[in-house]
Each structure stands twice: as C-alpha cells, then as structure tokens.
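K.L.:
What would the 3D arrangement of this be:
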Amino acid sequence: MNKLPFEVDLNTLAVLKQLNLANNKIGELKGVMNLLPNPNLVLSLISISESKDSSALENIITTYDEIFKELVVKQSKGGKPKEVINYRVAIFKGFDLVKANGFISTNDIIKIHQEVEPSVGGIRKLPGTVIKNDLTGEVVHTPPQSENEIRDLMGNLEKYINENDDYDPLIQMAIIHYQFESIHPFYDGNGRVGRILNILYLVLKEKINEPIFYLSKYIIENKEDYYKLLKKGQADSKYLEAFVLYILKGIEQTSTFTINLILDINNKIEQAKALMQERLPDIYKAEIVEHLFSYMYTKNEFFRESLNISRATATKYLKLLEDEGFVISEQVGKEVIYKNVQLFNLIKERD
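P.N.:
Numbering: from 1, shown residues only. Below you'll find the model as predicted:
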C-alpha cells in the first residue's frame, strides 16, 4: 500500500466544480443547525438514523421500533438493536475526544472501535483478512496483513489527518476515508468506524459543529458504485479522482437530505406545540413536546424526571396525551412505554 500523501492531482475541473456544490450544501446544513432553538433534539434523532443505516451496511438489520425500545426499557434484549446503540455511543465518544483534544489519534480511533465492537479487540494481529463486496462475494481488496505494517500505515494516516492541508477538507475527508478502508485495521467494524471518522474529521476542520452529517444512507443507495470505485482506487491511485467525486456528490446529496429532515422535524415540533396548547391548555408546556420528540418512546420514569413532576402527575399527563392522540401506550414486559406517533411516522417516511 502507498502512504499518504498520494502522488495524484485532485484539483481537476470536475472535482473543483463538485467541491463547490458540496461546500455550499454542507455550509447550509451548518447554518440550519445554528438557527435551531434546540439543536440537540434533532441531533439525537438523526444520530439514531445514522446508527441504523451504518449498521445496515454491515448486515446488522433492525428497525426504528426495536432501537427506540432498546433505549427505554430497563432490561436490554441485546442483539442487533444493541449493536446499533453501541454505534451511536461511539459517535458521541469520538465527538467528545475531538472536542477535548483538538486532533484525531490512532488511539482515539481504537477507543471508538471498542465502543462499536466491545468484544473484538484492537488492531489486527493475525493474517487472513480480505474485503469483500457483500452483494457479490467478490474480493475487493486484500489489506496489509501484519500488525507492524498496519500500525505503520495508521501512524502515517494519523499524521495526514492532523497535519496535511493540501486540499479542501471535503477532499481530504474522501482521501482519509479511502485510506482507512484500505488499511482495514480491525477484524470487524471497519466500515462503521470509517464512517464515524468522516464525521469527526469534518468537526475537526469546523465544517460542522455537531456530529450531524452522515453518508451511510447515500452509500446504501449507491453501494455497487462505492465498491467498484474503492476497488479501482486501491488497484491504482490514479483512479482516486472518481472516488473523491463519488464522496463529494454524497456530501451534497446527504446535506440536502439532512437539511430537509431537520426542517421537517422542527415543523412537526412546532405543530405539536400549537396542537397541545389548543387541546390540552391546562397541562401544556413546551418542555413536554420537546421531551416527546427527544426519542420516539418514553415512559413514566423518564417523563417525570425530565419535567420534574411526581409519578401521579406524570401518569395523569401521559393519559391525557394518549387520549388526544399524541402518544400510543404499549406494554413491553412489565413496563408501559409511550410512542410519539407523529415522530414515528415522520422517520418511517424517510427510511
């Protein structure tokens, strides 16, 4: 494998044209987030959506219903919903590390991987790993096999991430993603960690302020092209331009999708506030609506702690909210949980 930086010119007319479109859209996304009264609310929802999509790329298939239930029930069922939640934890672990340290190290990447795959330890030590196209079973790439070579290449990647600025950060992100996936440093979870690394690099370079930007949906929808371009680039770095263009188009399209989703969520919140003021004026508080939109499910315990009310008052409020159609109750084991119907429908429409 070649080390970074590659001897290839990526300042071509096609790349620069697509770069301009991508930068405009991701800048618009950053601006939309800055205008929100409660950005953490949509951040919570979108991070779950990314966790689901990114895990699906690794054939960890689950539903929003299962994921949100796993977040609220006391007794974890484990399995695929838990793996998705581990991914979400890893996103915010990485975000905290970048904000605290101001750089991204190999050790940070290993810590993120430990959250994604708690039972699979560290950098690969044994040979035999290959990257396959899970659609065809074809071997796309044989990454470095020895631990020493992997660590050497990861050290080179770490230096490039933190010290190199030959290109615009969006182009750099594509190069970093390509190189990380080519190194494939772990036995499992490389794709998920690589997609988290995309987010963290954009935060590091201040292209976004929060971990709000995710390419997984775009990659799922253009999966065959992703594998083809990755394979061609790994065979000869002169083909890296096509991979960079693919990623830049993904940034543009993903930013547009995320902007629309954020605005739709915010509109649903404002509609719910107006409707609750009309139907339940005696109990209405903006905090109730914001709590209901923080997660798809809640329960008496979370509801009363969030609003600082008694169990009896929480029970009364939740009953009134269910009577007016804001939530639907469901028995899960010994617990009663409450689903936000509007939010569930909104997320499912965009799945």
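
K.L.:
CA only for contacts and neighbour counts going forward, please
P.N.:
Fine.

K.L.:
Endpoint to endpoint, stretch 297-316 covers what distance?
P.N.:
End-to-end distance for stretch 297-316, by Cα to Cα, to the nearest Å: 17 Å.

K.L.:
Now do the buried residues in that stretch.
P.N.:
Under the neighbour-count criterion of 16 or more other Cα atoms under 10 Å, stretch 297-316 has Y297, T298, K299, N300, F303, R304, A314, T315 buried.

K.L.:
Specify which member of the residues you listed is nearest to E28.
P.N.:
Using Cα to Cα, Y297 is the member of the buried residues of stretch 297-316 that lies nearest E28, at 30.3 Å.

K.L.:
Narrow the buried residues of stretch 297-316 to those in helices?
P.N.:
Among the buried residues of stretch 297-316, the members falling in helices (DSSP state H) are N300, F303, R304, A314, T315.

K.L.:
circling back to that earlier point, closest to S255 among the buried residues of stretch 297-316?
P.N.:
Y297 (26.8 Å).

K.L.:
Report the beta-bridge partners for the residue lying closest to that closest one once chain neighbours are set aside.
P.N.:
By the measure of Cα to Cα, 6 or more residues apart in numbering, the closest residue to Y297 outside its immediate chain neighbours is K339, 4.5 Å from it. Taking DSSP bridges as the rule, K339 bridges to Y297, I328.

K.L.:
Same check on H141?
P.N.:
As for beta bridges, H141 partners with I131 under DSSP bridges.

K.L.:
I'd like the next helix or strand past the helix or strand containing I171.
P.N.:
With elements taken from DSSP states H and E, the one containing I171 is helix 169-183. Once the chain leaves helix 169-183, the next helix or strand it forms, by DSSP H and E, is helix 190-204.

K.L.:
And the helix or strand following that next one, what does it pack against?
P.N.:
In the C-terminal direction, the helix or strand that comes right after helix 190-204 (DSSP H and E) is helix 216-221. Contact partners of helix 216-221 among helices and strands, from 3 or more Cα pairs under 8 Å, 6 or more residues apart in numbering; DSSP states H and E: helix 39-56, helix 240-279.

K.L.:
angle of the last one against helix 39-56?
P.N.:
Direction vectors for helix 240-279 and helix 39-56, defined by axes from the mean of the first three to the mean of the last three Cα atoms, to 10 degrees, enclose an angle of 130 degrees.
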